[in-house]
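**Q** this one's structure only:
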RNA sequence: GUGGGAAUAGCUCAACUGGCAGAGCACCGGACUGUGGCUCCGACGGUUGCGGGUUCGAUUCCCGUUUCCCACCCCA
């Protein structure tokens, strides 16, 4: 038997209703902030991700689905292509390619699948779904303003509340600009050198490969050492420091609670200044439900105009997972089950179904070969509110037996009154 | 990529130290010929993930492999 490949999965009903619920809430909320949808290809030239996400990141170094395309002629070599591991790079590429800044398209969102070749785990798949939004534009459009950072954060708080996720926590930090980070990294290496020998084996490795990750260490014995390490906040230059303070002031003013976390670092090369993460308990090691930050130099590094931006990605798989227990009854059950009864009643039943569906009712249609008992069982199992019996007597009278399956109340309803009768409650 | 756990009916899970592979739910039929849910009865359902080994005999023990889960790495 052929099965779905490692790290991929089928999304089945009724869970798909939950996905649609999430996505339509997202579209509603984003619309209120004047975001518009963009759909970019799910594969791009490999170079795009290498240059934006960063050659040295794990994503690019070992987690991408990359292949060599066929050339135009059989003998010709094709270009290297990659399934997108994240959305920002493609959106910024489209922004540059279509000069979206000149068209005033500064607020974009995208919902779709991403691909990373990681070891699968709960809430971590090789094809996973992200909801992504970006504010990007020329500095003259205010895209560099702390007001944009704050607007994004407030929008996310609104979205999570709207989805019924109440126990979230917003963690906020600034990772500064490139210069700040270089100075900080240097200081961090120096500070680690004399103490790293007393730390856990993981930290000893991190100190060499990725010193920033030392801050993620959970070993209790290491905490006193980590507490004394330099923080990025001490290395922010004056513009970055002011920017971050203004972001906090606005977020505070609109009443969105947050925690400063100067251990919060981002893995992708292009991030600058504001970095944030919304977390949610009960998701195991994958407690981050969404994350994002500013990427002021990304457009230029891809050969585009100056276009500061800030964006985020929501892990939709995890979001849906955290919604699962709380969200019941998202599926719309049939308003009515039509039960044709006896040979030759199918056509009349089909006519009735068509009429009722045109009235925006959800209609399930049985078959004249079913015994009435079976029709009742099927209707009940489907969760229909009403069952409509289309038998010989009814067709002759042009009035149909309509029974409320919850109350057991049954009445004869003239054809013309059916939509109104069924549409009630 | 590393370490650990798991895999048995559509679903959730049993099966003692190696001895006929089972239950609940679901599904289908009947009791009940144009009236559901409840109840009762019956039927269906399996290459025990896959491949090899040990054994008279393997769901059980061993080796390999695949997938899922947990934790790393990393990240949304």
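**A** That came through fine. Predicted, not measured: the structure shown is a model, and the values here were computed from it.
**Q** contacts and neighbour counts: CA atoms only from here.
**A** OK.
**Q** hey, where'd the strands end up in the stretch 201-350 of chain A?
**A** Here the stretch 201-350 of chain A has its strands, by DSSP state E, counting those that start in this stretch, at A:259-260, A:272-280, A:288-294, A:309-315, A:336-340.
**Q** Can you give me every residue that contacts the residue nearest to residue A:109 when sequence neighbours are not counted?
**A** Nearest non-adjacent residue to residue A:109, counting by C-alpha to C-alpha, 6 or more residues apart in numbering: residue A:133, 4.0 Å away. Residue A:133 sits next to A:35, A:107, A:108, A:109, A:110, A:311, A:312, A:313 when contact means C-alpha atoms under 8 Å, 6 or more residues apart in numbering.
**Q** Counting by contacts, list what the host helix or strand of the third one packs against.
**A** Read it as residue A:108. Using DSSP states H and E, residue A:108 maps to strand A:107-115. Secondary-structure packing of strand A:107-115 (3 or more C-alpha pairs under 8 Å, 6 or more residues apart in numbering; DSSP states H and E): strand A:36-37, strand A:127-136.
**Q** List of residues touching the first one?
**A** Surrounding strand A:36-37, the residues in contact under the criterion C-alpha under 8 Å, 6+ apart are A:30, A:107, A:108, A:109, A:110.
**Q** okay, now the fourth one: neighbour count?
**A** Under the neighbour criterion other C-alpha atoms under 10 Å, residue A:109 is assigned a count of 24.
**Q** Mark out where each domain of chain A begins and ends.
**A** A:15-177+A:237-323, A:336-423 (automatic domain parsing).
**Q** Any chance of JSON lines for the ones you listed, columns distance to RNA strand B and mean pLDDT?
**A** As requested, the domains of chain A are arranged in JSON lines below (distance: least, C-alpha to the nearest atom of the strand, whole Å; pLDDT from 0 to 100):
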{"stretch": "domain A:15-177+A:237-323", "distance to RNA strand B": "3", "mean pLDDT": "91"}
{"stretch": "domain A:336-423", "distance to RNA strand B": "3", "mean pLDDT": "93"}
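**Q** Residue A:7: which of those domains is closest?
**A** domain A:15-177+A:237-323 (4.7 Å; C-alpha to C-alpha).
**Q** Give me the distance from that closest one to the chain's centre.
**A** 10 Å (C-alpha atoms, centre = their mean, to the nearest Å).
**Q** Pull up the distance across that domain, start to finish.
**A** 10 Å (C-alpha to C-alpha, to the nearest Å).
**Q** same thing with stretch A:298-307?
**A** Using C-alpha to C-alpha, the two ends of stretch A:298-307 sit 8 Å apart.
**Q** ok, residue A:377 - how many residues close by?
**A** 11.
**Q** so which helix or strand takes in it?
**A** helix A:372-381.
**Q** Check which helices and strands that helix sits against.
**A** Counting by 3+ C-alpha pairs under 8 Å, 6+ apart, helix A:372-381 packs on strand A:336-340.
**Q** Tell me which other helices or strands the strand it packs on touches.
**A** Strand A:336-340 packs on helix A:346-358, strand A:363-365, helix A:372-381, strand A:386-390, going by 3+ C-alpha pairs under 8 Å, 6+ apart.
**Q** So which bits of that strand are buried?
**A** A:336, A:337, A:338, A:339, A:340 (16 or more other C-alpha atoms under 10 Å).
**Q** Repeat that for stretch A:159-167.
**A** So, applying 16+ other C-alpha under 10 Å, buried residues of stretch A:159-167: A:159, A:160, A:163, A:165.
**Q** Closest to residue A:355 out of the residues you listed?
**A** residue A:163 (34.5 Å).
**Q** Please state the backbone phi and psi of the closest one?
**A** Dihedral pair for residue A:163: phi -80, psi 0, per degrees, to the nearest 10.
**Q** which residues touch it?
**A** Contacts of residue A:163 by C-alpha under 8 Å, 6+ apart are A:22, A:25.
**Q** now with 10 Å?
**A** A:21, A:22, A:25, A:26, A:157, A:319, A:320, A:323, A:327 (C-alpha atoms under 10 Å, 6 or more residues apart in numbering).
**Q** could you dump the residues you listed to TSV with neighbour count?
**A** What follows is those, written out as TSV (neighbours: other C-alpha atoms under 10 Å):
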residue	neighbour count
A:21	16
A:22	21
A:25	16
A:26	19
A:157	21
A:319	23
A:320	20
A:323	16
A:327	13
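**Q** Tell me which two in the residues you listed are the farthest apart.
**A** Applying C-alpha to C-alpha across these, the maximum distance is between A:157 and A:327, 18.7 Å.
**Q** quick one on the thing from earlier: tell me which of the strands of the stretch 201-350 of chain A sits most buried.
**A** Highest mean neighbour count among the strands of the stretch 201-350 of chain A (mean count of other C-alpha atoms under 10 Å): strand A:336-340, with a mean of 27.
**Q** centre of the chain versus that strand, how much separation?
**A** 38 Å.
**Q** partners of it in the sheet?
**A** strand A:363-365 (parallel), strand A:386-390 (parallel) (DSSP bridges).
**Q** Now do the shortest one: everything it contacts.
**A** What that stands for is strand A:363-365. Contacts of strand A:363-365 (C-alpha under 10 Å, 6+ apart): A:333-340, A:346, A:349-350, A:352-357, A:375, A:378-379, A:382, A:384, A:386-388.
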